[in-house]
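[1] Fold the following for me, if possible:
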Amino acid sequence: MLLLGILSGTSSGPGEWYAGLQKPWFTPPSWAFGPVWTVLYLTIGWVGARKWLYGGRRGLWAFQMLLNFAWSPIFFGAQAPVPALGVIGAMWLTIAAFIGLEWKADPLSARLFLPYLLWVSIATSLNLAIVVLN
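    Just a heads-up that it's a prediction; the model follows:
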């Protein structure tokens, strides 16, 4: 999972285009993204392993991963923040649905996804602000 996340992020990561965009005051510092995503991808992978080993919302878990891996190439690679906003919005909804539906069946997995939802909330707000400011 971590390797796929690294591949997704590095194959279409920030560059001159992103550096030139107007960004909101709440943009996290550049150095924060690597460590945060590393911890999140490890957690997401662990939750995914739990779903595949013990059952649960495998489809939702897989769909949020598909959306997660699609966002960077759309936002950074295609330099298309408006379509990327749709992708990250769907990702946010899928993560929230996963948490809600797993809360009673697998509270550990649901709770482990809370920091992920928080970070994707920040990323969604950042994506929206970039659309508005640019």
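[2] after whichever strand or helix holds Ile99 comes which helix or strand?
    Using DSSP states H and E, Ile99 sits within helix 81-102. Under the assignment DSSP H and E, the closest C-terminal helix or strand after helix 81-102 is helix 107-112.
[3] List of residues touching the helix or strand just after that following helix?
    Next helix or strand after helix 107-112 toward the C-terminus (DSSP H and E): helix 114-133. The contact list for helix 114-133 (C-beta atoms under 8 Å, 6 or more residues apart in numbering) reads 21-24, 26-28, 36, 39-40, 43-44, 75, 81-82, 84-85, 88-89, 91-92, 95-96, 99. (C-beta placed from N, C-alpha, C; glycine too.)
[4] And helix 114-133, what's buried?
    116, 119-120, 123-124, 126-130 (16 or more other C-beta atoms under 10 Å).
[5] I'd like the average pLDDT over the longest helix that the chain contains.
    If you go by DSSP state H, the chain has its longest helix at helix 30-54. Averaging pLDDT along helix 30-54 yields 95.
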